[in-house]
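Chemist: requesting a structural model of the entry that follows:
(one chain, ligands or ions: 2)
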Amino acid sequence: MDPFQNSDLQRRKFLEWIGLSGLALAFPAISLSGCQSSRFHEDEKQEFKNVFDLEGLSEKVMGKDAIDYLNGGADDSKTVKANVVAYQKIQIRARRLIDVSTISTKVELFGQTYETPIILSPVGFQKFFHQDGEVATAKASVKKQHQMIVSSVSNYSVNEIAAQSQADLWFQLYPTTNREVTKKLLERAEKAGCKVCVLTVDTPVIGNRERGGTTLTKLIYSKELKMGNYEGILTEGTGIDDPGLTWEIISWLRANCDMKIVLKGIVTREDATLALEYGVDGIIVSNHGGRQLESLRSTIECLPEIVEEIKGRIPVLIDGGIRRGTDIFKALAIGANAVCIGRPFCWGLGALGQEGVEIALDILKAELIRDMQLAGTPSIEKITCDFVIGF
Ligand SMILES: Cc1cc2nc3c(=O)[nH]c(=O)nc-3n(C[C@H](O)[C@H](O)[C@H](O)COP(=O)(O)O)c2cc1C
Ligand SMILES: CC(C)CC(=O)C(=O)O
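Modeler: Numbers count the residues shown, from 1 in each chain. Ligands and ions are numbered 1, 2, ... in the order given. Okay, the predicted model is just below:
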């Protein structure tokens, strides 16, 4: 496994891939070497029509282990596919002759206004995709004004990411089997300025990642790709997933941190009810991008019963399979307050570092805005269930 990407190779492969290898000579200023400083010629950016173009490039420049780890799911990846396919079954009901000359994508979550409803899901080990890892992602999220959620198993620590990017981050927590260690993780996140703790509840054990083989285990024990948040605190025998976790964790978190608590991984009405009873601040409808339990429903199929149960009392977010502006539109119409994306921004990161993440975010936001114009919904609040059918 070679975790560190060769930037010159990325540049050469990129130019070959888009059939512009001549540009290397014609535009010496267009450089991929040292991805942090690379800037793309506008014409080159046009080559990325959608996030799948970034996926294509990421497959050319990342190693096989990294691609398998990123794109793989549990067992036969049926739920990975279901997440994507389910959006195609839903259709949009557009309204006509509505002034869409100005579009607002602003949303309010946890008492704060966000420029867009598109949030970056927590994704671990981002240095495996690009040497600048989570710092590149965070810089792109700041520049493009999207919220980023930092994974517990990030390579850069939450503190390093915040310091290098000036981002206001949310922190995703995998509680360890040792509460003293978990407490220190929370302290680190709060010190880095995080106001929201996203507690992932779908990982009592790690799913059967057949496609990636032993890659995830190697990542967890890698000396080169260390897990920054655990530096100096992970004690011998402490598990980073806790099969003994129960709803009791919510009151423990309340007692041990001041962050808002958002549950990530809710897929049923019953657990939405319990989330309300335990007083969490929000939920993310998620099946971990199909990486944990195989044969779960797609998340967009889970959303209606959860929205019905929550009745607007706390924000409901969703992730899994979102690849197009129309997918975002459909999720918002069915009742999500915001959406999160995982693999699409990682394709950008793997392909081009920070610039690639920016391109992925630009593409999805531009698609959403155009779709809102075409559907006749000038603001996010206008996107209601009257605008979709077939869910
Ligand atoms: C490579 C990879 C690593 C992930 N790491 C984490 C993680 O550390 N914590 C977590 O809660 N979810 C993690 N997830 C799940 C994502 O947060 C998210 O739920 C999922 O990627 C959404 O589906 P999508 O990739 O189809 O957009 C990971 C997903 C991927 C693809
Ligand atoms: C299970 C974690 C260690 C990483 C993760 O969330 C993932 O690979 O999906």
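
Chemist: do you know the pLDDT at residue 350?
Modeler: With respect to pLDDT, residue 350 scores 98.

Chemist: ok, now which ones touch it?
Modeler: 5, 58, 61, 62, 66, 67, 70, 129, 130, 356 (CB atoms under 8 Å, 6 or more residues apart in numbering). The way it works is simple: take the backbone N, C-alpha and C, and place the C-beta from them, glycine included.

Chemist: what's the answer for residue 199, then?
Modeler: So residue 199 contacts 172, 173, 175, 249, 250, 253, 261, 262, 263, 264 (CB under 8 Å, 6+ apart).

Chemist: just the pLDDT at the fifth one, thanks.
Modeler: I take that to be residue 250. Predicted confidence (pLDDT) for residue 250: 98.

Chemist: apart from its chain neighbours, what residue comes closest to it?
Modeler: residue 278 (4.4 Å; CB to CB, 6 or more residues apart in numbering).

Chemist: show me the helices in the stretch 51-200 of the chain, by range?
Modeler: Ranges of helices within the stretch 51-200 of the chain are 51-61, 64-71, 78-88, 133-144, 158-165, 179-191, based on DSSP state H, counting those that start in this stretch.

Chemist: of those helices, which is nearest ligand 2?
Modeler: helix 64-71 (6.9 Å; CB to the nearest ligand atom).

Chemist: can you tell me which helices and strands the closest one packs against?
Modeler: Packing contacts for helix 64-71, counted by 3 or more CB pairs under 8 Å, 6 or more residues apart in numbering; DSSP states H and E, involve helix 51-61, helix 215-221, helix 343-352.

Chemist: quick check: residue 260 touching residue 195?
Modeler: Yes - at 6.4 Å, residue 260 counts as touching residue 195 under the criterion of CB atoms under 8 Å.

Chemist: common neighbours of the two, please.
Modeler: Both residue 260 and residue 195 are contacted by residue 110, under the criterion CB under 8 Å, 6+ apart.

Chemist: neighbour count for these two, which is higher?
Modeler: A count of neighbours by other CB atoms under 10 Å puts residue 260 above the other of residue 260 and residue 195, at 20 against 16.

Chemist: distance of that one from ligand 1?
Modeler: The gap separating residue 260 from ligand 1 is 16 Å, by CB to the nearest ligand atom, to the nearest Å.

Chemist: can you check residue 221 too?
Modeler: 16 Å.

Chemist: quick one on the thing from earlier: show me which of the contacts of residue 350 is closest to ligand 1.
Modeler: Using CB to the nearest ligand atom, residue 70 comes nearest to ligand 1 of the contacts of residue 350, at 4.7 Å.

Chemist: check the closest residue to the closest one other than its chain neighbours and give its pLDDT.
Modeler: Distance criterion CB to CB, 6+ apart; nearest residue to residue 70, sequence neighbours excluded, is residue 346 at 5.5 Å. With respect to pLDDT, residue 346 scores 98.

Chemist: counting by contacts, list what the longest strand seen in the chain packs against.
Modeler: Longest strand in the chain by number of residues (criterion: DSSP state E): strand 260-266. Helices and strands touching strand 260-266, by 3+ CB pairs under 8 Å, 6+ apart, are strand 196-200, helix 248-256, helix 269-277, strand 282-285.

Chemist: need the CA coordinates for that strand. CSV is fine.
Modeler: C-alpha atoms of strand 260-266 as CSV (Å, rounded to 0.1, in the frame of the first residue of the first chain):
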residue,chain,number,x,y,z
LYS,A,260,-24.8,19.7,20.2
ILE,A,261,-25.4,16.0,19.7
VAL,A,262,-26.4,14.6,16.3
LEU,A,263,-27.0,10.9,15.8
LYS,A,264,-25.6,9.5,12.5
GLY,A,265,-26.9,6.2,11.2
ILE,A,266,-30.6,6.3,12.1
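
Chemist: tell me the most buried of the helices of the stretch 51-200 of the chain?
Modeler: Highest mean neighbour count among the helices of the stretch 51-200 of the chain (mean count of other CB atoms under 10 Å): helix 133-144, with a mean of 25.
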